[in-house]
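Visitor: Could you work out the structure for the sequence below:
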Amino acid sequence: MTRNTGTIIIMRTFLLLIILVAISCNTNKHKKNLSYIQKDSVVYAYIETDPVLSVMGEDAADDPAIWYNSKSPEKSLVIGTNKKAGLHVYNLDGKELFFAPAGLVNNVDIRYGFELANGQLVDIVAATNRTDNSLTLMVIDGETGHLSDIAARKVYSKASEVYGFALYHNKSENKYFALIGGKLGEFEQYELIAADDNKIDAVLIRSYQFPSQIEGIVADDELGYLYVGEENHCIWKADLNSDNSFIPQKLAMSDSTNPKISYDIEGLTIYYAENHQGYLIASIQGSYSYALFTRNGSNKYLGSFTIKEQSIDAVEETDGLDVINLKLDDKFENGLLVVQDGFNYDADSLKTQNFKLVAWEKIAGLMEPQLIIDNQYRIQ
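Guide: Residues are numbered from 1 along each chain as shown. Here you go, the predicted structure:
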């Protein structure tokens, strides 16, 4: 071996070691970012909505949905179900702007940009309705907050009693779906279709039977996954875009093997962020808490938190919840979590139920490293 050949081999070996060290450092850094440590488990609400109209002590408020005003984000709205009467519409200060007497609506969801037969794009507000075991379809007027019926006909569910609900927008095919859960574990998927007279119809395309009662339902519009909360068991995940392999799988650490899970499992919602990142959030009613899972991959459990009393009373026994990552107003510059409160107090005085609003950065700060704050990414 010549001196030059030996020198070249030594240099190549040295460069290879540098590359291996760099890869190792990057890999360790990546792993560190995925290993969250919970610093705290308590946040506080600083805004609450007006109480719903109901009898004192009655379980009435149930599920919220956040409508994003793309032209004026500070004028975004919160829509909440009153399962004894209809739908309440609130501004970001919690003041009621409108009430739609839609009946015994339970869970509500929103999707944007549905195209009617005349080409008009509308934002859909839909809900399950126990009045007659049906699907309620409405559109929202963003200027006034008014909700108006847009159903081509009355669509009745085949479930024993309608309960959980979500909407799903398959963006690649630009198709919209209504997802209904029943008291006995029934699941139904309806495709929403533009009908005559600029109305919307719904056609049943899939049925499935879960083991027992389900309520929380949410769909990931970007990844195509369905999440279903079976109240006394776990959270299930399935591929909504699969025709032949709709086989729900149980999320790890979403059942009693997790000491933070205390049944019932109620509402589900998704925090979106770019690059398929974000979080699945579940309301754990039995412990007055909220469980955080990663949105991508195997939906790793990250931790849980509660909403305690400060300027506004604590939150207990939450049914539904909704989250948005986008910048809204100066109170919610980094997104917003809205939750139903089962026991709404004003000092020591019990009021009818309402909804509490929590700034997302307060939740993000519970973890080390901090959870993602992505107030620009919008999939709609």
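Visitor: for the stretch 151-300 of the chain, which spans come out with low pLDDT?
Guide: Of all residues in the stretch 151-300 of the chain, none has pLDDT under 70.
Visitor: Walking through it, point out its helices one by one.
Guide: In the stretch 151-300 of the chain, no helices are defined using DSSP state H, counting those that start in this stretch.
Visitor: just the strands in it please.
Guide: 155-156, 162-170, 175-182, 186-195, 199-209, 214-219, 225-230, 234-239, 249-250, 265-273, 277-284, 289-294 (DSSP state E, counting those that start in this stretch).
Visitor: Those into a markdown table, with extra columns for mean neighbour count and distance to Val78?
Guide: Backbone N, C-alpha and C define where each C-beta goes, glycine included. Below are the strands of the stretch 151-300 of the chain laid out as a markdown table (neighbours: other Cβ atoms under 10 Å; distance: least, Cβ to Cβ, whole Å):
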| stretch | mean neighbour count | distance to Val78 |
| --- | --- | --- |
| strand 155-156 | 16 | 26 |
| strand 162-170 | 25 | 16 |
| strand 175-182 | 24 | 21 |
| strand 186-195 | 19 | 23 |
| strand 199-209 | 16 | 23 |
| strand 214-219 | 27 | 17 |
| strand 225-230 | 24 | 21 |
| strand 234-239 | 21 | 24 |
| strand 249-250 | 13 | 32 |
| strand 265-273 | 25 | 13 |
| strand 277-284 | 24 | 16 |
| strand 289-294 | 23 | 17 |
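Visitor: For Ala127, which of those is the nearest?
Guide: Closest approach to Ala127 among those is made by strand 162-170 (6.0 Å; Cβ to Cβ).
Visitor: Any idea how far the closest one is from the middle of the chain?
Guide: Computed by Cα atoms, centre = their mean, to the nearest Å, the separation of strand 162-170 from the middle of its chain amounts to 11 Å.
Visitor: Quick one: list the elements packing against that strand.
Guide: strand 105-115, strand 121-129, strand 175-182, strand 214-219, strand 225-230 (3 or more Cβ pairs under 8 Å, 6 or more residues apart in numbering; DSSP states H and E).
Visitor: ok so, going back, for the strands of the stretch 151-300 of the chain, which one sits closest to Asn344?
Guide: strand 277-284 (15.9 Å).
Visitor: Let's check: the centremost residue of the chain is which one?
Guide: With distances taken as Cα atoms, centre = their mean, the residue of the chain nearest its centroid is Thr269 (1.6 Å).
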